[in-house]
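S.K.: Predicted model and sequence below, questions to follow.
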Amino acid sequence: MINYIFKGGQLIILVLAFFYYNHTIFALPNETPYVLLVSWDGCRWDYINRGLTPNLNELIENGLRAERLIPSFPTKTFPNHYTIVTGLYPENHGIIFNSFVDFYNADSFRMKNDNSIKQDKWFKGEAIWTAAKKQGIKSGSVFWVGSEVYNNGPDYALTYDHFMPHKKRVDQLMAWLNLPEEERPHFLTLYFADLDDAGHRFGPNSDEVNTALKDLDKTLGYLINQLKRTNFWKKINLILVTDHGMTEIDPKNEINLEKILTGLEYFLQGDDPIYSIVANQNRIDIIFNRLNENKHGFQLFKKADFPKRFHFSKHPLIGDIIILAEPGYYFSRQNKNYFRGNHGYDNAIIDMHGIFVAYGPQFKSGYRIDEIKNIDIYPLLCEILKIQANEKIDGDLIRVKDFLK
């Protein structure tokens, strides 16, 4: 549209042009920002220094990188993915392990093929998609811990399919982005388990991990091309994270708990290399003393004495004794497979650290920082989306606000 205006004898021509392409509208100053949170499960902080990720490296050059992402304890998949979207430590959001038992109510939470992951009673705090929904912002999740919860998940969510091809995941996300504005999600998640699978089975220094890394980078390139094709690339804030790192396991470093605790009655809450032990109160000291007599390759604590820096002692379903293997060691159990790589160890250990890369209109370009805590991602997401963060969180926007323009 062209308007002609005469002012002071001069002809002023105003040209107002609006362009539409593939259902996409160019960003306006007051438009709700777009945020895409991507997880490469099990991507150790130094994997992306191997020269195998050209697409990711280009993002880093033009965007922002924390050298290391510090996970919460325990450094397991479900606890940390839910920490990222709530800003809470696992002891506060309730997902303390990948799988655990509620003895008080004769119930259990299991991460694989189980209805428990859809029950909101396990998931405490307020996930980012819940906060967004309260303020009129839609969300879509191509997989994330907590996204399948009945009545309290994102507006659009898929039932987890471990084997869904990469391209199909990206195409689903793009289909949501190309919905009409009133139906379109502005916060989205995208999850891939390839590096975690390869790291467990073959170890973090294997060719298989490098192959998975290259495949994920190709998928990132496909995602970027799709976003560019639909003109979303200049509007979306892309954040690539992980839940934890991975470390090599020596098969000789076996700790046979069942042999150590022969003849004693107890239940192990958790998974290698971190367990809490649940038992009758009159057996706690006996079990503790037996473990202490055989302590090699692991740390041993009473729950009340567990170091405060772990933020892992408040939850009632954590047992009275906590045992934590040292890096490279593992707890063997009957019918449990031995892994060449594992995680779940002390979150101060550098092999447990992950990646944080961000790119988009809200982020500074060329910015570098040594580390970021994953509890601080939730308030960062809220700040970008212009929504009110839950006040009762463990994260703090102050530590990450400098990431933003």
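M.R.: Perfect, thanks for sending it.
S.K.: From now on I want contacts and neighbour counts done on CA atoms only, so please keep to that.
M.R.: Noted.
S.K.: CA-only coordinates of stretch 98-111, as CSV, when you get a sec.
M.R.: Provided in CSV are the C-alpha atoms of stretch 98-111 (Å, rounded to 0.1, in the frame of the first residue of the first chain):
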residue,chain,number,x,y,z
ASN,A,98,14.1,-42.3,37.2
SER,A,99,12.1,-44.8,39.1
PHE,A,100,11.1,-45.1,42.8
VAL,A,101,8.5,-46.4,45.2
ASP,A,102,6.1,-44.7,47.5
PHE,A,103,5.9,-47.0,50.4
TYR,A,104,3.3,-44.8,52.2
ASN,A,105,0.7,-45.3,49.5
ALA,A,106,1.8,-48.6,48.0
ASP,A,107,2.5,-47.0,44.6
SER,A,108,5.5,-46.5,42.3
PHE,A,109,6.8,-44.2,39.7
ARG,A,110,8.5,-45.8,36.7
MET,A,111,9.9,-44.1,33.7
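S.K.: Contacts for that stretch, please.
M.R.: Outside stretch 98-111, the residues within contact range by C-alpha atoms under 8 Å, 6 or more residues apart in numbering are 76-79, 116-117, 122, 269-271, 317.
S.K.: again, only this time at 7 Å
M.R.: If you take C-alpha atoms under 7 Å, 6 or more residues apart in numbering as the criterion, stretch 98-111 is touched by 76-79, 116-117, 269-270, 317.
S.K.: Please convert these to a markdown table, extending it with distance to N253, pLDDT and secondary structure.
M.R.: As requested, the contacts of stretch 98-111 are arranged in a markdown table below (distance: C-alpha to C-alpha, whole Å; pLDDT from 0 to 100; DSSP: H, G, I helix; E, B strand; the rest coil):
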| residue | distance to N253 | pLDDT | secondary structure |
| --- | --- | --- | --- |
| K76 | 20 | 98 | coil |
| T77 | 23 | 98 | helix |
| F78 | 26 | 98 | helix |
| P79 | 26 | 98 | helix |
| S116 | 34 | 93 | helix |
| I117 | 33 | 94 | helix |
| Q269 | 21 | 95 | strand |
| G270 | 20 | 95 | strand |
| L317 | 29 | 97 | coil |
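S.K.: Counting neighbours, which of those comes out on top?
M.R.: Neighbours here mean other C-alpha atoms under 10 Å. Within those, the largest count is held by K76, at 29 neighbours.
S.K.: Could you report the separation of the residue lying closest to that residue once chain neighbours are set aside from S99?
M.R.: Once its chain neighbours are removed from consideration, K76 has its nearest residue in G344; the separation is 5.1 Å (C-alpha to C-alpha, 6 or more residues apart in numbering). Counting by C-alpha to C-alpha, to the nearest Å, the gap from G344 to S99 is 13 Å.
S.K.: neighbour-wise, which of these two wins?
M.R.: G344 (27 against 18).
S.K.: Surely that one touches P79?
M.R.: No - in this structure G344 lies outside contact range of P79 using C-alpha atoms under 7 Å: 10.2 Å.
S.K.: export the strand or helix carrying F356 as CSV, just CAs?
M.R.: Secondary-structure assignment from DSSP states H and E places F356 in strand 354-359. As requested, C-alpha coordinates have been extracted for strand 354-359 and formatted as CSV (Å, rounded to 0.1, in the frame of the first residue of the first chain):
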residue,chain,number,x,y,z
GLY,A,354,26.6,-31.0,30.0
ILE,A,355,26.1,-28.4,27.3
PHE,A,356,24.3,-25.1,27.1
VAL,A,357,24.1,-23.2,23.8
ALA,A,358,21.7,-20.4,23.0
TYR,A,359,20.9,-18.4,19.8
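S.K.: For the very next helix or strand once past it, buried residues please.
M.R.: Scanning forward in sequence from strand 354-359, with DSSP H and E defining helices and strands, the next element found is strand 367-373. Of the residues in strand 367-373, 367, 371-373 count as buried by neighbour count, 16 or more other C-alpha atoms under 10 Å.
S.K.: hmm, who's touching the very next helix or strand once past strand 367-373?
M.R.: The element immediately downstream of strand 367-373 (helix or strand, assigned by DSSP H and E) is helix 377-385. Counting by C-alpha under 7 Å, 6+ apart, the neighbours of helix 377-385 from elsewhere in the structure are 32-33, 84-87, 128, 362, 388-389, 395-397, 400.
S.K.: I'd like the mean pLDDT over helix 377-385, please.
M.R.: The average pLDDT within helix 377-385 is 97.
S.K.: do the same with stretch 237-256
M.R.: Computed over stretch 237-256, the average pLDDT equals 96.
S.K.: just stretch 95-112 next, same as before
M.R.: The model assigns stretch 95-112 a mean pLDDT of 93.
S.K.: That stretch: which residues count as buried?
M.R.: 95-101, 109.
S.K.: can you pull up the bridge partners for L64?
M.R.: Listed by DSSP bridges, the beta-bridge partners for L64 are A358, Y367.
S.K.: Thought P361 was touching it, still the case?
M.R.: No - proximity of L64 to P361 does not meet the contact threshold set by C-alpha under 7 Å, at 11.5 Å.
S.K.: picking that back up, look up how far D272 lies from the residue nearest to K76.
M.R.: According to C-alpha to C-alpha, G344 stands 7 Å off from D272.
S.K.: and the residue nearest the centre of the chain, what does it touch?
M.R.: Within the chain, one residue has its C-alpha closest to the average C-alpha position: by C-alpha atoms, centre = their mean, that is H81, at 3.3 Å. With contacts taken as C-alpha under 7 Å, 6+ apart, H81 has the following neighbours: 145, 243.
S.K.: doesn't it fall inside a helix?
M.R.: Yes - looking at H81 with DSSP: H, G, I helix; E, B strand; the rest coil, it is inside a helix.
S.K.: Give me the pLDDT value at it.
M.R.: Reported pLDDT for H81: 98.
S.K.: Relative to R44, how far out is it?
M.R.: Spatial separation of H81 from R44 under the definition C-alpha to C-alpha is 15 Å.
S.K.: what comes up buried for the host helix or strand of L216?
M.R.: Taking DSSP H and E as the criterion, L216 maps to helix 207-229. Within helix 207-229, the residues that qualify as buried by neighbour count (16+ other C-alpha under 10 Å) are 208-210, 212-224, 226-227.
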